[in-house]
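Colleague: from the sequence below, what's the structure:
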Amino acid sequence: MAARATGGSGDARGDDAPLLDDLMPWSVRPLRTGRHWVTAPDAASLRARWERLVRAPDEERERLFRPTRSRGPRTPVAALPGQATGTGRFDHESGPCPEPVRIAHGPFDEQWLLPDHRLIDAARPELWRVADGQQLFAVEHGYVPRDTGPALSVTALLPDGHSPAGRPGRIRPLYRRPGGLEPNLAPGLLALLRHHHGDGVTDRSVLAWILAATRSSPAGCVVPLPADTARWSAGVDLGAELLRVQLRGSRGGERPRLPGGRRPYVRAPVPPAPTSLAYDAADEVLVLDTGRISPVPAGAWEFRVGGVRMLELWFARRVAAGGDGADGLEGVRPRAWLQEWTSELLELITVLALLAELRPRQEALADGPALTAAGLRAAGVLPVPAAARRPASVLDHREEGPDGQFALL
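Modeller: Down below sits the predicted model:
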């Protein structure tokens with residue numbers, strides 16, 4: 001068995017680097033809400049939308065609901081795992097709004113979602129079953145030719161997998177079961193990496209390496225695995241720093257901060273209804289109409305995913321007119337800029353600036369001897385068993401099905 005554990009090596013820039021799809025084999029497609037009004041940048045809007053919907057007459061409720069082939073006011077559906085929401089037909093609903101949950105709406109944007117399965121076309125219940133205080137989600141951003149942005153991000157929030165541009169990628173939980181149990185890694189991968197790099201290799205350090213080293217390709221996310229321990233350790237340390245920044249203080253970490261003198265501050269208040277966002281590169285100022293925030297490093301302003309500038313996308317989502325029209329539920333939204341958005345913007349600037357500073361170190365990880373996909377096949381890690389690509393069975397609790405029935409899963 002020792003001979004099988006050695007694996008083969010090659011060049012990290014070669015075409016035989018393993019795919020993330022093999023290293024973290026269980027993946028879930030992005031959520032499909034079917035109606036934009038179930039998400040919002042603020043929780044109060046979702047509560048107000050719910051109240052308007054459940055108090056509307058039957059004909060208006062149908063129109064406001066925005067039925068699709070998958071969901072309508074009379075569609076029977078099970079509850080989302082972990083959520084105490086109704087399972088009766090929504091056209092009979094008159095109760096209070098379920099508590100909105102914080103989600104990762106695409107890369108680097110935290111928003112809110114109504115966690116009611118009756119309102120979401122494809123909520124991916126398998127993700128909700130494993131979302132807890134130990135779980136982390138790796139989210140692919142989708143391949144876009146000539147894009148120089150990161151291939152994936154990691155969040156502790158439930159992600160919807162939205163892609164700013166290009167084909168959406170997959171969502172890959174770090175653990176297959178609640179409680180941080182059963183790492184979502186190819187069987188034998190941890191043993192192989194420990195053979196090369198020591199017993200200190202853990203599921204969390206593998207995720208850190210993946211976050212630091214993964215690159216996009218037409219075939220999917222590619223993960224060069226180093227054969228030398230020095231580069232592995234450097235990549236894991238870098239990935240741990242990327243994790244700390246992206247998790248924004250969750251899981252017991254520190255909130256990201258730029259050093260004193262470089263922290264962004266509000267120099268002039270954001271007006272009640274800003275309509276434009278611009279950047280003054282000479283003075284490192286972010287301009288929101290008459291509002292001014294500085295210093296804003298150029299790396300934060302230029303940070304893109306899928307070719308889309310993240311700060312512009314974040315701003316547009318908060319000032320765009322409701323897509324459903326004035327009488328649609330998307331039109332139920334803040335009429336003025338919220339103070340909480342200013343705080344979130346300052347944090348986002350900090351996150352993007354720190355990630356931009358770490359980007360050159362990520363690119364350097366591609367150089368050096370690597371464990372190839374052929375080597376992983378020789379070591380018996382690949383191909384991945386079909387069972388590893390499916391969700392783990394959950395047999396220890398009941399979930400409420402349509403109309404209050406219970407199902408054992």
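Colleague: tell me where the stretch 251-400 of the chain has helices.
Modeller: 298-301, 310-319, 339-364, 373-378 (DSSP state H, counting those that start in this stretch).
Colleague: and those: which comes nearest residue 110?
Modeller: Residue 110 lies closest to helix 339-364 among those, at 7.1 Å (C-beta to C-beta). (Glycine included, C-beta is placed from N, CA and C.)
Colleague: what packs against the closest one?
Modeller: For helix 339-364, the packing partners by 3 or more C-beta pairs under 8 Å, 6 or more residues apart in numbering; DSSP states H and E come out as helix 203-213, helix 229-247, strand 265-268, strand 291-294, helix 298-301, helix 310-319.
Colleague: mind listing what's buried along that helix?
Modeller: 341-342, 344-356, 358, 362 (16 or more other C-beta atoms under 10 Å).
Colleague: and what of stretch 131-149?
Modeller: Result for stretch 131-149 [16+ other C-beta under 10 Å]: buried residues 131, 135-144, 147, 149.
Colleague: likewise for stretch 112-123?
Modeller: So, applying 16+ other C-beta under 10 Å, buried residues of stretch 112-123: 112, 113, 114, 115, 116, 117, 118, 119, 120, 121, 123.
Colleague: looking at those residues, which are in helices?
Modeller: When DSSP state H is applied, these are split such that none fall in helices.
Colleague: ranking the helices and strands packed on helix 339-364 by burial, who's on top?
Modeller: helix 203-213 (a mean of 23; mean count of other C-beta atoms under 10 Å).
Colleague: ok, and what's touching stretch 196-213?
Modeller: 7, 20, 23-24, 136, 138, 152-154, 174-175, 183, 185, 189-190, 193-194, 223-225, 227, 229, 232-233, 235-240, 242-243, 246, 361-362, 365-366, 371 (C-beta atoms under 8 Å, 6 or more residues apart in numbering).
Colleague: repeat that with 7 Å
Modeller: Counting contacts by C-beta atoms under 7 Å, 6 or more residues apart in numbering, the residues outside stretch 196-213 that touch it are 20, 23, 136, 138, 152, 154, 174, 183, 185, 190, 193-194, 223-224, 227, 229, 232, 235-236, 238-240, 242-243, 362, 365.
Colleague: what is the rounded mean pLDDT of the host helix or strand of residue 49?
Modeller: Using DSSP states H and E, residue 49 sits within helix 43-54. Per-region confidence: helix 43-54 scores 97 on mean pLDDT.
Colleague: buried set for it?
Modeller: Neighbour-count burial for helix 43-54 [16+ other C-beta under 10 Å]: 43, 45, 46, 47, 48, 49, 50, 52, 53, 54.
Colleague: ditto for stretch 87-100
Modeller: By 16+ other C-beta under 10 Å, the buried positions in stretch 87-100 come out as 87, 89, 90, 93, 97, 98, 100.
Colleague: okay, it in CSV with CA atoms only?
Modeller: Extracted in CSV, the C-alpha atoms of stretch 87-100 (Å, rounded to 0.1, in the frame of the first residue of the first chain):
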residue,chain,number,x,y,z
THR,A,87,-46.0,23.7,4.3
GLY,A,88,-49.7,24.3,3.6
ARG,A,89,-50.7,25.9,0.3
PHE,A,90,-49.5,29.5,0.2
ASP,A,91,-52.8,30.8,-1.0
HIS,A,92,-54.1,29.9,2.5
GLU,A,93,-51.2,31.6,4.2
SER,A,94,-52.0,34.5,6.6
GLY,A,95,-49.3,34.1,9.3
PRO,A,96,-46.3,36.2,10.2
CYS,A,97,-43.2,36.5,8.0
PRO,A,98,-40.6,33.9,8.5
GLU,A,99,-37.3,35.3,9.8
PRO,A,100,-35.1,36.3,6.8
